[in-house]
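[1] Give me a model of this one.
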Amino acid sequence: MRFNTFRFLVKEGVRSLRQNFFMSAASILVLVSCLLITGCAYLVYENVEHAFDWAYQQNVVVAYAKDEVTDERATAIKAELEAQSNVTQVEYISKEALLDRYKDEFGELLEDLQADNPLQDAFVISFQDLTLFDETVSLVKTIDGIDKVDYDQALSETLVKVRNVVLTVGVWVIALLLIVSLFIIANTIKLTVYSRRREISIMRSVGATQWFVRFPFMVEGIILGSVAGAVSYGLLFGVYEIIRQNFTFSSSLELIPFAVVWWQLLVGFLAGGMVTGILGSTLSIGRYLKEHTE
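    Modelled structure (predicted):
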């Protein structure tokens, strides 16, 4: 395709947008709404993942050493625990340090226990993947020198189930909204095709190829999708940052900064808008040309 021909077809696409300004604006607004909801669903998912990561760190396992374990063996046990693939962190707390912690809370009530400490050395273990919780706990129990393991299995199972539900719902919401967006673009282009049916008929009569006829409508779809993507990105950025700066759940758990996901959303909005525009225009003009060729 020569450059002059390409420039002409692009101008035709832009001209079509101007002629159908109100329909194009309405399509952009509806598509912006769909993209905003999609972006919100993605941000909710990312924040839920962030919250789960934080919750995973709180859901720790405490393994207690047997009374006869020496300091050298305790160091070896810590190394064995850290070598487990699903273990991210191990904190060793001697029974003396553990008693000191309790003394800070209960004061003189524990003074008499200093000489005869009944506590056990402890290993506070953080896991990376809670779906491997049972398997990792079983491995911890087999380590020589471990007496017992305390953990909240119900909490870990609940976290995994909630995470899977959020992921599944998020994927379906995004997929549904993309289909709705595609339908909106397709119908907008369909109206444009209908309004220019005489012009298309003349172009076909003088020997214009299908791609020559299709291209202006594809340009129109790309512009609609790109504008909608850019507007959606700007709106989502502004609203999200206002919410993040004014609403805090706790000092240790906050919404993730927009800077963490800015490029995923920017690429997703622009690419999603452009692809939706191209597919919508291709479906509309393709169906029209097929119906009027047969």
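[2] need the helices for the stretch 101-250 of the chain, in chain order.
    133-141, 153-195, 197-205, 210-246 (DSSP state H, counting those that start in this stretch).
[3] need those in JSON lines with distance to R18 and mean pLDDT, can you?
    Just so you know, the C-beta spots here come from the backbone N, C-alpha and C atoms, and that holds for glycine as well. Below are those laid out as JSON lines (distance: least, Cβ to Cβ, whole Å; pLDDT from 0 to 100):
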{"stretch": "helix 133-141", "distance to R18": "60", "mean pLDDT": "87"}
{"stretch": "helix 153-195", "distance to R18": "11", "mean pLDDT": "72"}
{"stretch": "helix 197-205", "distance to R18": "15", "mean pLDDT": "74"}
{"stretch": "helix 210-246", "distance to R18": "10", "mean pLDDT": "86"}
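[4] tell me the most buried of those helices?
    helix 210-246 (a mean of 19; mean count of other Cβ atoms under 10 Å).
[5] mind giving me the domain split of the chain?
    What the record gives for the chain is the domain set 3-54+158-291, 60-151, from automatic domain parsing.
[6] End to end on the shortest one, go ahead and measure it.
    Domain 60-151 has its terminal residues 7 Å apart, counting by Cα to Cα, to the nearest Å.
[7] mind listing the strands for the stretch 1-150 of the chain?
    Using DSSP state E, counting those that start in this stretch, the strands of the stretch 1-150 of the chain run over residues 61-65, 87-93, 122-127, 146-150.
[8] what about the ones you listed, which gets the closest to Q264?
    Closest to Q264 of the strands of the stretch 1-150 of the chain, according to Cβ to Cβ: strand 87-93, at 24.6 Å.
[9] May I see the buried residues of that closest one?
    Neighbour-count burial for strand 87-93 flags V87, V90, Y92, I93 (criterion: 16 or more other Cβ atoms under 10 Å).
[10] Tell me the strands beside it, with direction?
    The strands beside strand 87-93 in its sheet (DSSP bridges) come out as strand 122-127 (antiparallel).
[11] what's in contact with the partner strand?
    56-57, 59-65, 77-78, 81, 86-93, 95, 98, 133, 136, 140 (Cβ atoms under 8 Å, 6 or more residues apart in numbering).
[12] State the mean pLDDT of it.
    Strand 122-127 carries an average pLDDT of 87.
[13] Which positions within it qualify as buried?
    Buried, per 16+ other Cβ under 10 Å, within strand 122-127: A122, F123, I125, S126, F127.
[14] that older thread, out of the buried residues of strand 87-93, which comes closest to I285?
    Proximity to I285 was ranked across the buried residues of strand 87-93 by Cβ to Cβ; first place goes to V87, at 57.5 Å.
[15] Show me what the closest one is bridged to.
    F127.
[16] so it touches L81, yeah?
    Yes: counting by Cβ atoms under 8 Å, L81 is a contact partner of V87 at 5.8 Å.
[17] While we're on N86, how confident is the model there?
    pLDDT, read off for N86, is 87.
[18] That one against T131, yeah?
    No: if you go by Cβ under 8 Å, N86 and T131 don't touch, sitting 9.4 Å apart.
[19] Please identify which of the two sits among more neighbours.
    Using other Cβ atoms under 10 Å as the criterion, N86 and T131 rank with N86 on top: 17 against 14.
[20] returning to that earlier point: how about a markdown table for the strands of the stretch 1-150 of the chain, with distance to I222 added?
    Listed next are the strands of the stretch 1-150 of the chain as a markdown table, based on distance: least, Cβ to Cβ, whole Å:
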| stretch | distance to I222 |
| --- | --- |
| strand 61-65 | 53 |
| strand 87-93 | 45 |
| strand 122-127 | 47 |
| strand 146-150 | 58 |
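[21] can you tell which of those is closest to V165?
    Of the strands of the stretch 1-150 of the chain, nearest to V165 by Cβ to Cβ is strand 122-127, at 20.5 Å.
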